[in-house]
Structure formats: C-alpha cells, structure tokens
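Engineer: Got a sequence here, can you build the structure:
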Amino acid sequence: MIGKFVQELSETTPRIRQDVVGEVIRWIGLLASTIREGQADGSIARELDADKIARFLINSWGGAAAGMKIVRSCALSMTSSPLPSRVAAAFTG
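Structural biologist: Modelled structure (predicted):
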C-alpha cells in the first residue's frame, strides 16, 4: 500500500509523499535496530551492515510486491525463484 501511495501520489501530493517517505525511513530504522539486536545476541553475523541490510530488505519487499501485483500471483515467492542464492551472495561478499 505504501508503494502505491508513493508511485501514484508523490508527484501530485508532496505532503503525502513526505509522510510516506518518513514512514519508510522509520521502518528501515526499526528493521536495522532489530538486525543489530540479532548481531548482539549472535544470531546475525556482526560484520554485516545493519542499515544497508535493512534498506535492501525494505526495497526488496517493495520490488517483490510490485512483481506479484504485475503477475497477480505469489508465484514470485522465494521458493520459486533464484532469489535466495542472490540474496545470500549479496550479504556474503
């Protein structure tokens, strides 16, 4: 829903765009904080950049949601695409 707001209203309604961008930034911050908690307890590798991973995940979700909307299916899920290996490669070097 947020992606749709940004795509459809960002050019014509600057206030909505500003609010939506603020929420996306907040989501990224919350996710980065959660990643850091995982790094602190050892469940997530400490050498990974929590902010970059959080941005990547939020942007990936938006892309996946758009792709599923295009094909009107969940067929683009992680189980039916090569995405998991590409994601792993992005984070392991």
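Engineer: Pull the number of nearby residues for Thr12.
Structural biologist: Applying other CB atoms under 10 Å, we find 8 residues neighbouring Thr12. Where you see a C-beta, it was placed from the backbone N, CA and C, and this is true even at glycine.
Engineer: Now do the SS call for it.
Structural biologist: State at Thr12, reduced to three classes by DSSP: H, G, I helix; E, B strand; the rest coil: coil.
Engineer: Use 11 as the first number for this chain going forward.
Structural biologist: Noted, 11 is the first residue going forward, which turns the last one into Thr22.
Engineer: which one is Ala55 nearest to, not counting chain neighbours?
Structural biologist: Once flanking residues are discounted, Ala55 sits nearest to Gln49: 7.2 Å by CB to CB, 6 or more residues apart in numbering.
Engineer: so that neighbour makes contact with Asp61?
Structural biologist: No: the pair Gln49 and Asp61 does not pass the contact test of CB atoms under 8 Å, sitting 11.8 Å apart.
Engineer: picking that back up, I'd like the distance between the residue nearest to Ala55 and Ala42.
Structural biologist: Going from Gln49 to Ala42 by CB to CB, to the nearest Å gives 10 Å.
Engineer: So which of those two has more stuff around it?
Structural biologist: Neighbour count, other CB under 10 Å: between Gln49 and Ala42, Ala42 has more, with 19 against 16.
Engineer: Kind regards, and thank you for your time.
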